[in-house]
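Show me how the following folds:
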Amino acid sequence: MRLQKKFIRPVFLLKAALWTFMLMPLSVAAQQRNLVSFSGGYSLPVGQFASENLNDPEAGLAGSGIYGQLNYERKLLSWLGLRLTGNLNINQTDAQPLIDRFSPLLDKSESYSWKKETTTWQLGALLLGPSGYLTRGSIELEGHVQGGLIFVESPGVKVLGTSSEGGPTVEGQIKKASTNAFGFGAGASVRFRLTDWLRFQITADGIGSNAQLKNVQNTGIINNVVVQNVTSNPKRFVSVVNVGAGLVFGF
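Have a look, this model is predicted:
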């Protein structure tokens with residue numbers, strides 16, 4: 001009887017240790033149902049948003065830029081969660097297409113120097129949607145699809161051309177405008193566990209919206225004579241792809 005008791009006690013302790021080891025990752029995961037992450041990096045315009053053809057009403061004249069993103073995620077299950085995102089994109093603007101518009105109206109025998117002033121495209125987003133997770137050891141794959149409100153500010157563009165031969169002065173201007181619309185976002189990330197509460201992530205996202213800008217004024221003046229004065233309400237599909245890196249905090 002004593003021998004049996006001595007044998008049962010080590011077996012019981014071994015079983016308890018095994019269960020503790022098996023349940024430890026689950027308890028850590030259960031505690032970390034809340035995730036806060038941030039990332040930043042390179043922003044690239046896509047589609048007509050990047051077009052430089054001013055004859056195209058959807059042309060955005062947008063160039064590359066940077067972005068910053070802040071996320072809160074609530075894990076409902078180990079593989080499913082809800083993700084709230086705040087995002088800001090700042091993209092450069094190319095003024096050359098506005099200069100090219102005046103070229104057919106100028107004397108080709110004269111050379112012009114151009115002064116350019118541009119502001120940036122700014123795209124803000126507040127998005128909400130489901131997120132999915134797949135964990136393999138210390139690596140976690142995350143994917144999400146979201147919808148929400150997109151805030152768009154189009155750039156102001158101003159050019160001033162002067163001739164070295166004393167020809168007419170040229171002025172061109174596109175005034176900036178702003179609007180908001182419903183948009184969507186989708187993307188994925190690869191996360192590497194550094195500690196129980198900290199991960200490093202590499203991210204890729206796409207954000208887009210069919211936004212209509214109102215009262216965008218486009219003017220052209222040659223030698224103090226107005227050759228163009230158009231006010232339009234262009235509808236543009238504003239879309240960007242963001243690629244970057246950041247950190248994830250779990251609690």
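
show me the contacts for N242.
41-44, 67, 69, 87, 89, 187, 203-207 (Cβ atoms under 8 Å, 6 or more residues apart in numbering). The C-beta positions use only the backbone N, C-alpha and C, and glycine is treated the same way.

Just the buried subset of those residues, please.
41, 43-44, 67, 69, 87, 89, 187, 203, 205, 207 (16 or more other Cβ atoms under 10 Å).

Closest to L128 out of the contacts of N242?
N87 (12.0 Å; Cβ to Cβ).

Please report phi then psi for the residue nearest to the closest one when sequence neighbours are not counted.
If the residues on either side of it in the chain are set aside, N87 comes closest to A125, at 4.2 Å by Cβ to Cβ, 6 or more residues apart in numbering. In terms of degrees, to the nearest 10, the main-chain angles of A125 are phi -140, psi 140.

Hmm, which of the contacts of N242 is lowest in pLDDT?
The lowest pLDDT within the contacts of N242 belongs to L44, with 94.

Make sure it is actually in contact with Y67.
No - with contacts counted by Cβ atoms under 8 Å, L44 stays clear of Y67, the gap being 9.8 Å.

any residues in contact with both of the two?
Counting by Cβ under 8 Å, 6+ apart, the residues touching both L44 and Y67 are 240, 242.

picking that back up, what is the neighbour count of the residue nearest to N87?
25 (other Cβ atoms under 10 Å).

Starting from Q228, give me the distance back to the spatially closest residue to L61 that is not a sequence neighbour.
Leaving aside its sequence neighbours, L61 sits nearest to D94 (Cβ to Cβ, 6+ apart; 5.1 Å). Here the criterion is Cβ to Cβ, to the nearest Å. By it, D94 lies 19 Å from Q228.
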